[in-house]
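Enquirer: sequence and computational prediction follow.
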Amino acid sequence: MSILNLPPPSWMTEDVALLEEQARRFIAAEYAPHLDSWNEGGMYDRDVWTKAGAAGLLCPAIPEEYGGAGGTFAHEAVISRELSLAGFDSFGAPLHSGIVAPYILHYGTDEQKRRWLPKLVTGELVGAIAMSEPGTGSDLQRVRTTAKKSGNGYVLNGSKTFITNGQHANLIIVVAKTDPSAGAKGVSLLVVESDDAPGFRRGRKLKKLGMDAADTSELFFEDVKLPPENLLGTEEGQGFAQLMSDLPRERLIVAVHAQAMIERALRLTIDYVKEREAFGKKIMEFQNTQFVLAECKSEAAIGRVFHDHCVERYLNGTLDTVTASMAKYWITDTQGRIIDRCLQLFGGYGYMEEFPISRMYRDARVMRIYAGSNEIMKLLIARSL
């Protein structure tokens, strides 16, 4: 039972619960002891990926014929939750498993699936998706990266920024213009295998407000030659539609991450105020503390019920863009408020780096920005009014 004392959701089947417990034990044994050193060093080790693959924690929803376990988004969700409940918020596995691999599964040819998916499952390939460019933000129709025809293949030129998994990734789905004159209809997705791609260059690992160990990076493509089979799918100009159709999933992944961080913050704070004393009594005994945590728990429980509702709708194929946008915006906004109030209850210690609530405060801020800013979410919701 979690800190919220809610019954398990309907999608928490026996096999999902077993995977949740397996992930919890693995993360506690293999990752948790190293979190501080990874955060201080600004990077986690490359074998984090292969260890996760060997433990069955990458791409669990990929069908067995392509090397996966044949699970569902529910299996992905509990792994993501356990990573965040343990404080491993900077690991890019949810993007690798929940965004990159599904693009290949949903839109790739059978040859592309057999070529790339098994290696994503094992962690031999680390996935990234290169969308954002300097100056474009959420406006993907304005990308300047081009993939021009050369013989029967392509020559890729452009630069990308804010790329999750940028330093480790060796399979990168690049959003590029194959027809710059066609607007959204000229956008295609090209797959770059960076271990053998002359002209590909990694830029700096970006310094950020939070998510210190996340290898968020700049990427550069200078006359990178790609064979025709590295166009994702079989037709040019499908990239924008491919991106749009998977956005509900991407935004739900962010909501899952944010909700788990909320629950971790509550657990850490409740444990702290029950132990810490001020003016001769436990901080938990002050009415202000009780009221603040009562509000936080209530909001967290509301968020969790909505979170579980959205996961269930995604599993049965009815989660629409508007509802996914509501989940992403409301849960991440709520996350920011709750973590802020929790930090306040730690007093001065909440501002100290050695207390996890301090890192959570910084790490939470980006959740309202990536996968589409919360302002963009509100615009999408408003169109349904």
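Expert: Cool, the structure landed.
Enquirer: look up phi and psi at the residue in the chain sticking out farthest from the centre.
Expert: Distance from the C-alpha centroid of the chain peaks at residue 280, with 43.5 Å (Cα atoms, centre = their mean). Main-chain torsions, residue 280, degrees, to the nearest 10: phi 80, psi 10.
Enquirer: and what of residue 154?
Expert: Dihedral angles of residue 154 (phi, psi; degrees, to the nearest 10) stand at phi -140, psi 160.
Enquirer: same question for residue 337.
Expert: Torsion angles, degrees, to the nearest 10, at residue 337: phi -70, psi -40.
Enquirer: what does residue 150 give?
Expert: The phi/psi pair for residue 150 (degrees, to the nearest 10) is phi -140, psi 110.
Enquirer: which residues touch residue 43?
Expert: 167, 205, 213, 215 (Cβ atoms under 8 Å, 6 or more residues apart in numbering). To be clear about C-beta, it is placed using only N, CA and C from the backbone, and glycine gets the same treatment.
Enquirer: how about a cut-off of 6 Å?
Expert: Residues near residue 43 by Cβ atoms under 6 Å, 6 or more residues apart in numbering: 213, 215.
Enquirer: quick check: it vs residue 167, distance?
Expert: According to Cβ to Cβ, to the nearest Å, residue 43 stands 7 Å off from residue 167.
Enquirer: overlap in contacts of these two?
Expert: Contacts common to residue 43 and residue 167, judged by Cβ under 6 Å, 6+ apart, are residue 215.
Enquirer: this protein: helices as residue ranges?
Expert: 14-30, 35-41, 47-54, 73-85, 93-95, 101-107, 110-122, 239-245, 247-275, 287-315, 321-345, 356-364, 374-382 (DSSP state H).
Enquirer: got the angle for the last one vs helix 247-275?
Expert: Compare the direction of helix 374-382 with that of helix 247-275 by axes from the mean of the first three to the mean of the last three Cα atoms, to 10 degrees and you get 120 degrees.
Enquirer: what is the orientation angle of helix 374-382 with helix 321-345?
Expert: Using the same axes, to 10 degrees: helix 374-382 against helix 321-345 is 140 degrees.
Enquirer: what comes into contact with helix 374-382?
Expert: Taking Cβ under 6 Å, 6+ apart as the rule, helix 374-382 contacts 138, 322, 325, 326, 328, 329, 368.
Enquirer: sort the residues you listed by pLDDT and name the bottom one.
Expert: Lowest in pLDDT among the contacts of helix 374-382 is residue 138, which has 59.
Enquirer: contacts for stretch 75-90?
Expert: Contacts for stretch 75-90 (Cβ under 6 Å, 6+ apart): 16, 19-20, 23-24, 27, 31-32, 35, 57, 60-61, 91, 94, 97-98, 211, 213-214, 256-257, 260-261, 264, 311, 356, 363.
Enquirer: for it, what is the average pLDDT?
Expert: 97.
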